[in-house]
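A.B. asks: Only the shape, not the letters, is given here:
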């Protein structure tokens, strides 16, 4: 995925980019910064990790359930499970329904390929190679990516900043849009 992003930036003739990614998008951003450092001006990594691992036993159970559903259930069922993890708050019904509708349209093969890419991704040994300015944000209630993994990511990248966003799960940009936008815009403005 990172190679495709680099190729697109090359085809468009774009200068080095400020790369902002959440979860899988953050992994793509990390891979891009490692494979084509000249294409990345800065990295903003949200609810990210250097190596995917469930944060706890409940997280491992949710991942196993997702895999079982991917093998046996319609994509609408998979989408409902994933969306419930993204938008668990009572006031997030509209976001939940929109996520279910969007995720339900995802082809099973594409979803499985994304899960496979995440499972194979491991940047731990190369984090010290990242030289661009980096900001790592983490939702304090993220049940998908544990705070330990996100903090380890920030510690592993030289000079990376870390922001813990209160009352936020895996969809930090939706849970706390004002705090999220302020942190990202302040970071980008300083670059």
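C.D. replies: Perfect, I can see it now. These numbers come from a predicted model, not from an experiment.

A.B. asks: So residue 52 versus residue 106, what's the distance?
C.D. replies: 19 Å (C-beta to C-beta, to the nearest Å). C-betas here are computed from N, CA, C, even on glycine.

A.B. asks: So between the two, which is more surrounded?
C.D. replies: Set residue 52 next to residue 106 and count neighbours by other C-beta atoms under 10 Å: residue 52 wins out with 20 against 15.

A.B. asks: thought the more buried one was touching residue 119?
C.D. replies: Yes - using C-beta atoms under 8 Å, residue 52 makes contact with residue 119 at a distance of 6.3 Å.

A.B. asks: Give me the domain ranges for the chain.
C.D. replies: According to automatic domain parsing, the chain comprises the domains 2-52+123-189, 57-116.

A.B. asks: Let's have these in JSON lines, adding mean pLDDT.
C.D. replies: Below are the domains of the chain laid out as JSON lines (pLDDT from 0 to 100):
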{"stretch": "domain 2-52+123-189", "mean pLDDT": "95"}
{"stretch": "domain 57-116", "mean pLDDT": "91"}
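
A.B. asks: winner for burial among those?
C.D. replies: domain 2-52+123-189 (a mean of 18; mean count of other C-beta atoms under 10 Å).

A.B. asks: Which stretches in the chain count as helices?
C.D. replies: Under the criterion DSSP state H, helices of the chain are mapped to 2-12, 24-35, 57-72, 75-86, 93-104, 108-120, 147-156, 172-175, 177-189.

A.B. asks: and those as a markdown table, adding distance to residue 165?
C.D. replies: Compiled in a markdown table, the helices of the chain are given as follows (distance: least, C-beta to C-beta, whole Å):
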| stretch | distance to residue 165 |
| --- | --- |
| helix 2-12 | 25 |
| helix 24-35 | 14 |
| helix 57-72 | 19 |
| helix 75-86 | 15 |
| helix 93-104 | 16 |
| helix 108-120 | 22 |
| helix 147-156 | 11 |
| helix 172-175 | 5 |
| helix 177-189 | 5 |
